[in-house]
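> can you look at this prediction? I've put the sequence above it.
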Amino acid sequence: MFGFKVNEDVTLKILEEREADKLFNLVDQSRSYLAEWLPFVAYTNQVEDSRKFIQAALRQFASGNGFHCGIWIEDQLVGVIGLHYIDNVNKKTSIGYYLGENHQKKGIMTQCTKALIDYAFNELKLNRVEIRASVENKKSQAIPERLGFTREGRLRSEEKVQGQFKDSFVYSLLKSEWQS
């Protein structure tokens with residue numbers, strides 16, 4: 001199955017159905033934290049919900065239109081990162097990610113995002129990568145800012161989280177700006 005080493009400790013690997021329980025536990029253990037930022041958390045209430053997500057992600061991967069990888073430290077699932085879509089006509093994509101609350105502030109997500117950017121530009125031959133982050137989520141904003149993205153603007157009422165519409169910042173990075 002598709003995957004690659006980010007560093008000595010961290011591996012990205014396409015999620016498989018047999019890992020639905022690990023994915024559910026990751027979300028469940030960080031539920032209150034993740035629910036502040038991610039709409040899907042409200043709809044992830046049992047292992048079967050995670051299984052359905054993985055099935056949809058595997059179909060997306062098979063169609064060549066994006067993918068979602070588990071972020072693994074040894075045999076522990078600590079987060080998810082992926083390409084929401086792959087637009088081969090306009091040569092662009094959007095990266096999304098989340099990390100369990102206990103694994104924050106260790107540089108894991110920055111390293112994983114950097115690896116995915118390298119993959120998007122060097123393997124997929126894309127020209128543009130976007131990241132969107134809630135205007136209130138400073139940790140999520142720090143990743144594109146740290147990696148040299150340009151904040152292009154604010155998307156008003158872009159995502160409904162916990163019953164309220166939230167604004168997001170949109171960041172972009174062009175291949176010509178990237179130095180891996």
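Here it is on my side, so go on.

> from here on, just use CA atoms for contacts and neighbour counts.
Noted.

> how about the helices in this structure?
20-29, 31-35, 47-63, 108-118, 138-146 (DSSP state H).

> so can I have CSV of the ones you listed showing mean neighbour count?
As requested, the helices of the chain are arranged in CSV below (neighbours: other C-alpha atoms under 10 Å):
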stretch, mean neighbour count
helix 20-29, 19
helix 31-35, 16
helix 47-63, 17
helix 108-118, 20
helix 138-146, 15
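
> so which of these is nearest G79?
helix 20-29 (7.3 Å; C-alpha to C-alpha).

> may I have that closest one as CSV, with CA atoms only?
Extracted in CSV, the C-alpha atoms of helix 20-29 (Å, rounded to 0.1, in the frame of the first residue of the first chain):
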residue,chain,number,x,y,z
ALA,A,20,-10.8,1.8,11.5
ASP,A,21,-10.7,1.1,15.2
LYS,A,22,-7.4,2.9,15.5
LEU,A,23,-8.7,5.9,13.6
PHE,A,24,-11.8,6.0,15.7
ASN,A,25,-9.8,5.9,18.9
LEU,A,26,-7.5,8.7,17.7
VAL,A,27,-10.6,10.9,17.0
ASP,A,28,-12.4,9.8,20.2
GLN,A,29,-9.4,10.4,22.5
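
> contacts for it?
With contact meaning C-alpha atoms under 8 Å, 6 or more residues apart in numbering, helix 20-29 is reached by 34, 41, 44, 46-51, 54, 77-79, 100.

> just name the closest of those residues to S134, please.
Comparing those against S134 with C-alpha to C-alpha picks out L34 as the nearest, at 12.1 Å.

> now do that closest one, the pLDDT please.
Looking at L34, its pLDDT reads 90.

> pretty sure it is touching T44, no?
No. Using C-alpha atoms under 8 Å, L34 is not in contact with T44, being 11.3 Å away.

> closest to L173 among the contacts of helix 20-29?
Using C-alpha to C-alpha, the shortest approach to L173 within the contacts of helix 20-29 belongs to G79, at 22.7 Å.

> what about R156, how many residues nearby?
Residues lying near R156 (other C-alpha atoms under 10 Å) number 12.

> you'd agree it is up against K166?
Yes. If you go by C-alpha under 8 Å, R156 and K166 touch, sitting 7.0 Å apart.

> low-scoring stretches of this protein, by residue?
In the predicted model of the chain, residues 1, 180 satisfy pLDDT under 70.

> please enumerate the strands of it.
Using DSSP state E, the strands of the chain run over 3-5, 10-14, 67-73, 76-87, 92-99, 128-134, 150-161, 164-174.
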